[in-house]
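In: just need the structure, nothing else, for what follows:
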Amino acid sequence: MASSLTCAGVVWAFLSFLCAAASCVGFFMPYWLLGSQLEKSVSFGTFRRCSYPVRDESRQTTVMVEQCGRYASFQAIPSAEWRICTVVTGLGCGLLLLVALTALMGCCVSELISRTVGRVAGGIQFLGGKWSCREGMGA
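Out: Residues are numbered from 1 along each chain as shown. The predicted structure is shown next:
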């Protein structure tokens, strides 16, 4: 199996994949904010939520649905800021994963990644990481 990467490139490829996987898992998990509502533990992320209130029209009360799920539509995400965060964080995770998988392929295929491609990929990875970290921290 020929490689177009140096030893530092191989380490970068595996660390990139681990970081991209962690970012994607964090993006898909609904545990960004934790709290309680109506004496129940609740949590939600950009497009998922667990234990959320629903209006019961037959009894004219609010009840807690104790399950995790996605919002019914993109417009059902509570605010414009959260919608923007969902899109930007998703794009950031996608870029990180694309670069990480390309780097891993570079470990197996010779002449796949040149010095210029490595630098461009690092720049894309930096942007993807900045988007994911910035939106994940609510900045």
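In: quick check: buried residues in the longest helix belonging to the chain?
Out: As assigned by DSSP state H, the longest helix anywhere in the chain is helix 80-108. Within helix 80-108, the residues that count as buried by 16 or more other C-beta atoms under 10 Å are 82-83, 85-86, 88-90, 92-97, 99-100, 102-104, 106-107. Any C-beta I mention is one placed from the backbone N, CA and C, and that applies to glycine too.
In: please name every helix or strand in contact with it.
Out: When contacts are defined as 3 or more C-beta pairs under 8 Å, 6 or more residues apart in numbering; DSSP states H and E, helix 80-108 sits against helix 7-28, helix 115-136.
In: average model confidence for that helix?
Out: Per-residue pLDDT over helix 80-108 has a mean of 84.
In: quick one: it to chain centroid distance?
Out: 7 Å (C-alpha atoms, centre = their mean, to the nearest Å).
In: can you check stretch 106-116 too?
Out: Averaged C-alpha coordinates place stretch 106-116 at 26 Å from its chain's average position (C-alpha atoms, centre = their mean).
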